[in-house]
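Enquirer: Quick check, what structure comes out for this input:
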Amino acid sequence: EFQDLQRNFFTKDWSLEDDFANLDRYLKYIRIESMKETLTEIFTMCKNAIQQSLPSLKRCFIHGDVNPGNIVLSQSLSNNSDHMSTNQADATHQSLWLIDFGDFHYGYIVIELGIAVAHIITESTTDGITNSGHFLAGYLSIAHLNAEEFNLIYDIAFARLFQLIVLCEYSYIFNPDNNYIIDRVPQYFQAITKMRNFSRKEIYQIWSEIIHP
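Expert: Predicted structure coming up:
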């Protein structure tokens, strides 16, 4: 069983589109019972939504792991920086790069967006729900999602947080001296708690008011 789990862990388990429906096999590695109960509820919700909606949605080449750790932002002073404040100059010239294309593949654009939303909510020091709404507004200013895709972002974000927690906890079982593996688990679960403090309708209302002010 250990060999099978290890083989799957390094192949399919990090693919929400291919193997999310089987990730419940890692729930037994969750050490905190209350967390396990919450994750079990989330798994059921996300599994049903993904299985019903995902296969009919559009696909394209995606990065596969858009998160703040894979974004590099460079700020450069304007040529006329002697005549303007530093903040004004920085705002004039900004360059942004995505790094780490190890998960680059042909997949569903809604998964790309849901993963990004999950990490924005996790890493925001202010209002993660609102911040993720601004991210979606930026994306939708240059691209289009149909209603089914937009409605699935919520589930994909939860699915990503579930995936991160169970796979980190599983990996820690076999690497107990490596605390780095589970350092982020409390933040991932806190992001779940933040999202669960609102209903689906309330989160979509926040997002929609930002996208369509």
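Enquirer: How about the residue nearest the centre of the chain: what's its closest non-neighbour residue?
Expert: Centroid-nearest residue in the chain, with C-alpha atoms, centre = their mean: residue 115, separated by 2.4 Å. Leaving aside its chain neighbours, residue 115 sits nearest to residue 160 (4.9 Å; criterion: C-beta to C-beta, 6 or more residues apart in numbering). (Each C-beta comes from the backbone N, C-alpha and C, glycine too.)
Enquirer: got the contact list for that neighbour?
Expert: By C-beta atoms under 8 Å, 6 or more residues apart in numbering, residue 160 lies in contact with 16, 114-115, 118-119.
Enquirer: Does it lie in a helix or a strand, and which?
Expert: For residue 160, the host element (DSSP states H and E) is helix 147-174.
Enquirer: In that helix, which of the residues would be classed as buried?
Expert: For helix 147-174, a neighbour-count test (16 or more other C-beta atoms under 10 Å) marks 149-150, 152-172 as buried.
Enquirer: Between helix 147-174 and the helix or strand just after that helix, find me the angle.
Expert: From helix 147-174 onward toward the C-terminus, using DSSP H and E, the following helix or strand is helix 185-196. Computed by axes from the mean of the first three to the mean of the last three C-alpha atoms, to 10 degrees, the angle separating helix 185-196 from helix 147-174 equals 150 degrees.
Enquirer: Might you calculate how far helix 185-196 sits from the centre of the chain?
Expert: 12 Å (C-alpha atoms, centre = their mean, to the nearest Å).
Enquirer: just the angle between the next helix or strand after it and helix 185-196, please?
Expert: Using DSSP H and E, the helix or strand that follows helix 185-196 in sequence is helix 200-211. Using the same axes, to 10 degrees, the inter-axis angle of helix 200-211 relative to helix 185-196 is 90 degrees.
Enquirer: So what's the gap between helix 200-211 and the chain middle?
Expert: Relative to its chain's centre, helix 200-211 lies at 17 Å (C-alpha atoms, centre = their mean).
Enquirer: in that helix, what counts as buried?
Expert: 203-204, 206-207, 210-211.
Enquirer: Can you tell me what sits against that helix?
Expert: 129-130, 132-134, 136-137, 140, 151, 154, 195, 198.
Enquirer: what residue ranges in the protein score low on pLDDT?
Expert: Within the chain, the segments meeting pLDDT under 70 span 1-12, 60-61, 63-73, 75-105.
Enquirer: at 90 what do you get?
Expert: Residues of the chain that meet the criterion pLDDT under 90 lie in 1-19, 54-109, 111-112, 139, 143, 173-176, 178-181, 213.
Enquirer: most neighbours, which of the contacts of helix 200-211?
Expert: Among those, residue 132 has the most neighbours (other C-beta atoms under 10 Å), with 26 neighbours.
Enquirer: Can you check what angle separates the helix or strand hosting that one from helix 200-211?
Expert: Element membership for residue 132, per DSSP H and E: helix 128-140. Interaxial angle of helix 128-140 relative to helix 200-211 (the same axes, to 10 degrees): 50 degrees.
Enquirer: any idea how far helix 128-140 is from the chain center?
Expert: The chain centroid and the centroid of helix 128-140 are separated by 13 Å, computed with C-alpha atoms, centre = their mean.
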